[in-house]
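K.L.:
with the sequence up front, the predicted model follows.
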Amino acid sequence: MSEASSNRRAYDSPARRRRAEQTRDRILTAGSELVHEYRTWDWRELTFRAVAERAGVGERTVYRHFPTERHLHDAVMRRLEDEAGVDYHGIDLANLTDVTGRFFASLQRFTVDRTVPTPAGPAFAGADERRRRALLHAVAGATPDWPEDRRRAVAGVLDVLWSLPSYERLADAWELSAADASGALNWLIDRVIALIQAGDAPPAGQ
């Protein structure tokens, strides 16, 4: 065996690969910790320097594992998904409720402020308040035996479905026509109403 081959084997030794994996894990752990501390979902502060300082490594070390900040951000996102127990490859309708439950539970571990924008101005605020009161009144009238928190939960679900962000998500991210977007939301609203009328209240939080 040549000296060059021996050097390559030493360079690629299992111990060296193990150390590299441990360093990569430290970097991703640092990225996850930083994201959990941010007040918004804006990751512009998740830089090589910020992650390197939190991980206790040099910026060049981070760069060796992640050639661009996009690669770093993608890897941190996958780490967050792992921490939340979300595996997009394994989702089907049978486990969807469990997966979304784990996703929503994971959000409680972040310090992010509210991120869904509310239109500014007293006219918008007044309309929003009137809509919420009307929805709660409608739900309460059909569920006299439900506890107040269950009524508010269902009225809140209807409010989410009857909202501009929900409509825009369908129209933009899913590229639905205006008719298909509104039709899908109305279809789901009808099913929530049917559940209310059947006396099927959502479960209380665990």
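P.N.:
Yep, that arrived. Numbering: from 1, shown residues only.
K.L.:
looking at the protein, which helix or strand is least sure?
P.N.:
When each helix and strand of the chain is scored by mean pLDDT, DSSP states H and E, helix 3-11 comes last, with a mean of 53.
K.L.:
and after it, which helix or strand comes next?
P.N.:
Per DSSP states H and E, the first helix or strand lying C-terminal to helix 3-11 is helix 14-37.
K.L.:
domain boundaries for this protein, per the record?
P.N.:
3-106, 122-197 (automatic domain parsing).
K.L.:
can you redo these as TSV with mean neighbour count?
P.N.:
From N, CA and C alone the C-beta is placed, and that goes for glycine too. Listed next are the domains of the chain as TSV, based on neighbours: other Cβ atoms under 10 Å:
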stretch	mean neighbour count
domain 3-106	14
domain 122-197	14
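K.L.:
can you put those domains in a markdown table and add distance to D113?
P.N.:
Shown next, in a markdown table, are the domains of the chain (distance: least, Cβ to Cβ, whole Å):
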| stretch | distance to D113 |
| --- | --- |
| domain 3-106 | 5 |
| domain 122-197 | 16 |
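K.L.:
quick one: low-confidence residue ranges for the protein.
P.N.:
For the chain, applying pLDDT under 70 flags the ranges 1-12, 114, 116-120, 206.
K.L.:
and the helices in it, which stretches?
P.N.:
Under the criterion DSSP state H, the chain contains helices at 3-11, 14-37, 48-55, 59-65, 69-84, 96-107, 122-142, 148-161, 164-168, 178-197.
K.L.:
give me the angle between the longest one and helix 48-55.
P.N.:
Translated: helix 14-37. If you take axes from the mean of the first three to the mean of the last three Cα atoms, to 10 degrees, helix 14-37 sits at 110 degrees to helix 48-55.
K.L.:
and if you look at the fifth one?
P.N.:
Orientation check (the same axes, to 10 degrees): helix 69-84 against helix 48-55 gives 40 degrees.
K.L.:
for the last one, same thing?
P.N.:
For helix 178-197 against helix 48-55, the angle between stretch directions is 30 degrees (the same axes, to 10 degrees).
K.L.:
chain center to helix 178-197: distance?
P.N.:
23 Å (Cα atoms, centre = their mean, to the nearest Å).
K.L.:
for T115, find the nearest of the domains of the chain.
P.N.:
domain 3-106 (5.8 Å; Cβ to Cβ).
K.L.:
relative to T111, how far out is the residue nearest to G58 when sequence neighbours are not counted?
P.N.:
In this structure, G58 finds its nearest non-sequential neighbour in A52, 6.0 Å apart by Cβ to Cβ, 6 or more residues apart in numbering. From A52 across to T111, the span is 22 Å (Cβ to Cβ, to the nearest Å).
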